[in-house]
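Asker: coords below, sequence missing:
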């Protein structure tokens with residue numbers, strides 16, 4: 001196909017994706033929220049409750065990160081730095097992982113991460129939210145919570161996987177001839193990214 005024909009076809013696909021996203025937003029608006037308890041997490045500075053992570057917002061975005069051992073989760077988290085200041089103008093935002101707070105702090109500093117990180121080690125949080133695999137491994141994703149008075153409700157969630165919408169790198173690579181090619185981080189999918 002010539003360049004113009006391919007471009008036209010791709011533009012049509014992008015319009016279809018946009019239409020699907022609108023249907024997803026409309027469907028989400030009908031959700032009956034799921035009540036959750038006020039989980040307690042560990043941080044380098046002590047413990048913190050889920051309710052405290054909202055800050056001044058009614059909504060909270062919690063990233064289910066699998067920890068420093070997962071190169072994919074690290075890639076996703078590297079991307080949060082650039083958008084964090086924009087996200088927190090609309091909602092609370094935090095990354096949670098099973099790593100101990102000291103490990104989290106050291107790793108975050110090595111990556112230059114600016115967003116808050118909490119540890120769910122020793123809690124049922126990841127399992128209760130559906131981010132533990134059948135084999136007992138961690139799973140990556142995101143949950144969104146809403147606070148109404150003292151009640152906390154989960155209003156949406158989705159798992160992460162290589163090539164998804166939560167890491168812009170994949171979409172730039174998609175535009176290259178050969179896609180991701182032999183880019184070293186995707187040459188072999190790590191076992192930590194079992195399908196959700």
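Answerer: Yes, it's here. Just so you know, these numbers come straight off a predicted model, no measurement behind them. Numbers count the residues shown, from 1 in each chain.

Asker: can you pull out the helices in the chain?
Answerer: 3-28, 71-87, 101-111, 125-129, 168-174 (DSSP state H).

Asker: Next, the angle helix 101-111 makes with the second one.
Answerer: So the one you mean is helix 71-87. Interaxial angle, helix 71-87 versus helix 101-111 (axes from the mean of the first three to the mean of the last three C-alpha atoms, to 10 degrees): 80 degrees.

Asker: Which neighbouring elements make contact with helix 71-87?
Answerer: strand 59-64, strand 92-97, helix 101-111, helix 168-174 (3 or more C-beta pairs under 8 Å, 6 or more residues apart in numbering; DSSP states H and E). For glycine as for every other residue, the C-beta is placed from the backbone atoms N, C-alpha and C.

Asker: Now the longest one: buried residues?
Answerer: Looking back up the chat, that one is helix 101-111. 101, 103, 104, 105, 107, 108 (16 or more other C-beta atoms under 10 Å).

Asker: Help me confirm that the third one comes into contact with residue 116.
Answerer: Read that as residue 104. No. Under the criterion of C-beta atoms under 8 Å, residue 104 is not in contact with residue 116, lying 10.0 Å apart.

Asker: quick revisit: to residue 2, which of the helices and strands packed on helix 71-87 lies closest?
Answerer: With C-beta to C-beta as the criterion, residue 2 lies closest to helix 168-174 of the helices and strands packed on helix 71-87, at 19.9 Å.

Asker: Please state the offset of that closest one from the chain centre?
Answerer: 16 Å (C-alpha atoms, centre = their mean, to the nearest Å).

Asker: List the residues that contact residue 93.
Answerer: 60, 61, 63, 80, 84, 87, 115, 116 (C-beta atoms under 8 Å, 6 or more residues apart in numbering).

Asker: who's in contact with the last one?
Answerer: Just to be clear, that refers to residue 116. 43, 53, 93, 94, 95.

Asker: Buried among those residues? Make that a ChimeraX selection.
Answerer: In ChimeraX, this line selects whichever of the contacts of residue 116 come out buried by 16+ other C-beta under 10 Å:
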select :53,93,94,95
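
Asker: possible to save the contacts of residue 116 as CSV with distance to residue 138?
Answerer: Shown next, in CSV, are the contacts of residue 116 (distance: C-beta to C-beta, whole Å):
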residue, distance to residue 138
43, 19
53, 19
93, 20
94, 16
95, 13
